[in-house]
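Would you be able to build a 3D model of this:
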Amino acid sequence: MNTQGHGHGAEELCDAGAQIYERALREGRVSGEEAAAAPCLIDFGLLYPAVDDLNRLEPVAPAVALHRLLRVSEERIAEERRREERLAETFAGLMRIEGRRTEIEDSPAIRVLSGMERINQVITEAMADATQEVLCIQPYNNARSEAAAVVALERDQALLDRGGRIRTLYQHTQRHAPLVIARYEQLTGDAEARTLDEVTERLIVVDHAVAFIPASKDRTLALEVRHPALVDYFVTTFNRLWRLATPMHPRTVRRPTLNGITPRQRAIAALLIEGHTDAVIADRLGMNIRTARVHIAKLAATLGSESRAQLGYLIGRSGILDQEPPAPQAPQAHPAPAPRQR
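Okay, here's the model as predicted:
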């Protein structure tokens with residue numbers, strides 16, 4: 001939403017526009033000559049001509065202007081989403097056409113899936129044909145509904161009943177999450193789970209043959225990947241993270257505390273040293289910002305810090321990030337199944 005000649009949107013008013021609008025709000029009006037210095041105010045609908053004097057401009061209340069501008073922004077985002085869905089639907093059929101020019105040599109076999117319902121449908125179909133192993137990385141997601149958890153539980157149990165195996169990586173903050181605990185109380189079969197402070201975005205690999213990854217931040221778009229090299233890359237990445245992770249199910253292993261510093265606080269200390277804000281730290285470690293701040297306060301108290309700047313200095317001087325805690329003794333891993341012939 002840019003104004004030609006001004007090159008800015010309503011979210012970042014120019015200095016002249018901000019000063020004129022503020023004066024109009026205080027005095028109830030400005031002259032047309034004054035407003036000419038900032039035509040963006042009229043373009044954004046922040047000023048309008050008075051009924052009794054067209055040379056006088058009166059301000060729109062900030063709350064009213066904000067509501068209108070937000071509605072315009074929401075409509076634009078919704079239209080982009082509809083455009084993405086139309087593109088995905090249009091090209092989905094074209095990509096299924098068999099022909100000499102429909103597949104370029106050496107190009108990856110990737111399909112775009114649009115909409116949560118469609119994504120879950122395709123994952124369910126892939127799981128229905130699975131007989132060997134499913135690998136999952138599940139980052140923190142407080143928006144996941146109980147209904148979605150029930151659907152996932154049913155398709156996972158069906159695989160386990162066929163003799164398959166499921167390995168899942170969560171963040172440490174999920175070890176005591178009600179939905180996660182309930183999942184492993186109900187699943188029966190060869191299902192294992194481990195945790196890390198930080199994990200990648202969501203990943204599902206089915207039988208080493210097909211992988212699913214998000215294609216948008218809100219996860220309303222996903223990629224179905226069947227290119228063997230990419231799928232093998234995902235499997236290798238998962239297995240390396242798996243070896244570094246702490247067992248959670250079927251046997252729980254507690255991570256050790258070093259010199260009064262808990263593993264959670266140690267992970268936070270590493271991100272503090274990198275200069276991240278509380279919000280970024282909370283997002284990276286899969287916790288809410290209040291919990292992150294509680295851990296930061298406890299870390300500061302343990303190290304005797306009286307300020308944020310001093311805390312960074314004390315973390316570096318303490319050497320807690322140089323000490324490697326003893327590796328948790330994980331249950332003996334099952335041999336990975338051989339990749340399915342493609």
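
Show the contacting residues for A10.
Contacts for A10 were tallied using C-beta atoms under 8 Å, 6 or more residues apart in numbering; they are M1, C40, F44, L46, A65, L69. (Each C-beta comes from the backbone N, C-alpha and C, glycine too.)

and the residues you listed, which of them are in helices?
Using DSSP state H, the members of the contacts of A10 that fall within helices are C40, A65, L69.

Need the residues that contact stretch 56-72.
Applying C-beta under 8 Å, 6+ apart, the set of residues contacting stretch 56-72 is 1, 10, 21, 24-25, 28-32, 35, 41-42, 44-50.

at 10 Å instead, please
1, 9-11, 20-32, 34-36, 41-42, 44-51 (C-beta atoms under 10 Å, 6 or more residues apart in numbering).

returning to what we had before: tell me the most packed of the contacts of A10, by neighbour count.
Neighbours were tallied for each of the contacts of A10 (criterion: other C-beta atoms under 10 Å), and the maximum of 26 neighbours falls on L46.

Could you single out the nearest of the contacts of A10 to E79?
Sorting those by distance to E79 puts M1 at the head of the list, at 13.3 Å, by C-beta to C-beta.

Give me the helices and strands touching the helix or strand where L271 lies, please.
If you go by DSSP states H and E, L271 is part of helix 263-273. Applying 3 or more C-beta pairs under 10 Å, 6 or more residues apart in numbering; DSSP states H and E, one finds that helix 263-273 makes contact with helix 278-285, helix 289-303, helix 308-318.

what mean pLDDT does the last one have?
Averaged across helix 308-318, the pLDDT comes to 80.

what about the helices and strands packed on helix 263-273, which gets the closest to A193?
helix 278-285 (17.7 Å).

helices and strands around that closest one, which ones?
Taking 3+ C-beta pairs under 10 Å, 6+ apart as the contact definition, the neighbouring helices and strands of helix 278-285 are helix 263-273, helix 289-303.

hmm, 6 Å instead?
Contacts of helix 278-285 with other secondary structure elements, assessed using 3 or more C-beta pairs under 6 Å, 6 or more residues apart in numbering; DSSP states H and E, are made with helix 289-303.

how about T168, phi and psi?
Per-residue torsions, T168: phi -130, psi 140 (degrees, to the nearest 10).

ok, now R165?
phi -130, psi 140.

which secondary structure element contains the residue most central in space within the chain?
For the chain, K217 is the residue whose C-alpha lies nearest the centre (C-alpha atoms, centre = their mean; 5.5 Å). Assigning secondary structure by DSSP H and E places K217 outside every helix and strand.

Model confidence for it, exactly?
At K217, the pLDDT value in this model is 85.

Distance of it relative to E201?
In this view, K217 and E201 are 9 Å apart by C-beta to C-beta, to the nearest Å.

if we can go back for a sec, in ChimeraX, select just the buried ones from the contacts of stretch 56-72.
Per 16 or more other C-beta atoms under 10 Å, the buried members of those correspond to this ChimeraX selection:
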select :10,20,21,24,30,34,35,41,42,44,46,47
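
now the ones in helices among the contacts of A10 as JSON lines including pLDDT and distance to R293?
Formatted as JSON lines, the ones in helices among the contacts of A10 follow (pLDDT from 0 to 100; distance: C-beta to C-beta, whole Å):
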{"residue": "C40", "pLDDT": "86", "distance to R293": "39"}
{"residue": "A65", "pLDDT": "82", "distance to R293": "34"}
{"residue": "L69", "pLDDT": "81", "distance to R293": "32"}
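
could I get the residues you listed as TSV with distance to D197?
Below are the ones in helices among the contacts of A10 laid out as TSV (distance: C-beta to C-beta, whole Å):
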residue	distance to D197
C40	46
A65	44
L69	39
